[in-house]
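Chemist: Need a 3D model of the sequence below.
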Amino acid sequence: MKKALRTISLMIIGIVVIYGINRFVTRKVVIEDLDSSFVASEKETTQEKAKEKKKETFPEGSIDDWNLILVGPEHPLEKDIPQENLVEIPGSVMQLDRRVIEPYEKLTQAAIQAGYPLALVSSYRSVSYQEQVFNDAVYQYMSQGMTEEAAIKETKKTSTEAGYSEHHTGLAIDVVDTNWQQNYPRVLLEPAYGDEPGAKWLAEHAREYGFIVRYPDDKEDITKITYEPWHFRYVGVEHAKYIEEHHLTLEEYIDLLKEK
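Modeler: Modelled structure (predicted):
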């Protein structure tokens with residue numbers, strides 16, 4: 001009898017132990033599942049917040065906007081801009097799109113106040129004038145002994161063929177500060193200008209007036225144009241700030257706009 005009671009007692013104890021173990025394991029699995037769900041939910045929430053933040057910070061715009069037109073070695077000007085859009089820059093015979101005059105004047109005033117008065121080198125160019133500029137550069141290289149093919153290839157590093165120049169848009173300017181203009185060592189428009197205080201000021205502050213360094217350093221594989229610290233392009237203040245703060249080219253920015 002005692003033996004039977006002991007056996008029954010052991011069975012009961014075993015059942016209680018097994019029940020306790022099962023309950024513990026089940027509770028642990030449930031907790032782990034809840035933790036995993038919580039982590040996944042948190043991750044999704046974080047991703048959603050990031051997407052929303054991107055939407056909030058990315059400027060409104062369209063690739064069809066007048067100020068975001070893309071022109072370059074791989075993007076020809078599809079049609080000439082209306083001549084009525086062009087006006088002379090005050091104090092100059094050069095022209096810009098009338099919508100860019102005010103931002104440019106504000107930029108020049110800010111540069112003066114900062115101690116870097118600007119010297120405008122080039123602005124709007126007609127297709128015929130750009131053809132002349134390009135051909136003159138080719139002839140200059142040929143006069144140094146290059147073949148025509150080599151001269152054209154060399155010219156394309158710093159200039160574009162007619163129909164492919166941003167200067168056709170009336171939105172681009174070539175500009176340096178007067179100190180450099182009066183004291184440049186070899187060539188007025190050369191990459192070395194980027195090391196000058198005036199160029200650094202322009203690179204940092206032009207965005208505040210809607211202009212970007214159109215051909216930044218180390219981006220030739222994208223723009224197909226070598227570094228030009230003097231070449232600025234108007235895109236609008238919000239676009240300019242986003243492009244410069246994120247170290248983008250206009251080509252890269254246009255791609256982002258297409259993804260919106």
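
Chemist: Start from the N-terminal end of the protein and give the helices.
Modeler: Under the criterion DSSP state H, the chain contains helices at 2-57, 98-114, 127-143, 148-155, 178-183, 197-205, 220-223, 237-245, 250-259.

Chemist: Write down the beta-bridge partners of F232, one by one.
Modeler: Partner residues in beta bridges with F232, using DSSP bridges, are I173, V213.

Chemist: check contacts around it.
Modeler: Neighbour list for F232: A172, I173, D174, V175, L202, A206, F211, I212, V213, R214 [criterion: CB atoms under 8 Å, 6 or more residues apart in numbering]. Where C-beta positions appear, they are placed from N, C-alpha and C, glycine not excepted.

Chemist: Over to A114?
Modeler: Residues near A114 by CB under 8 Å, 6+ apart: W201, H205.

Chemist: Looking at the contacts of F232, spot the one nearest V187.
Modeler: Ranked by distance to V187 (CB to CB), the contacts of F232 are led by D174 at 12.5 Å.

Chemist: I'd assumed P90 was in contact with Y104.
Modeler: No - under the criterion of CB atoms under 8 Å, Y104 makes no contact with P90, lying 9.3 Å away.

Chemist: And these two? Which one has more around it.
Modeler: Set Y104 next to P90 and count neighbours by other CB atoms under 10 Å: Y104 wins out with 23 against 9.

Chemist: Ignoring the adjacent residues along the chain, who's closest to that one?
Modeler: In space, Y104 comes closest to L96 once its chain neighbours are excluded; the distance is 6.3 Å by CB to CB, 6 or more residues apart in numbering.

Chemist: and the one you found, what is it in contact with?
Modeler: Counting by CB under 8 Å, 6+ apart, L96 touches L86, V87, I89, Y104, S123, Y124, G170, L171, I173.

Chemist: will you turn the residues you listed into TSV that also has pLDDT and distance to L248?
Modeler: Formatted as TSV, the contacts of L96 follow (pLDDT from 0 to 100; distance: CB to CB, whole Å):
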residue	pLDDT	distance to L248
L86	97	28
V87	97	30
I89	96	28
Y104	98	22
S123	96	24
Y124	96	25
G170	97	23
L171	98	17
I173	98	20
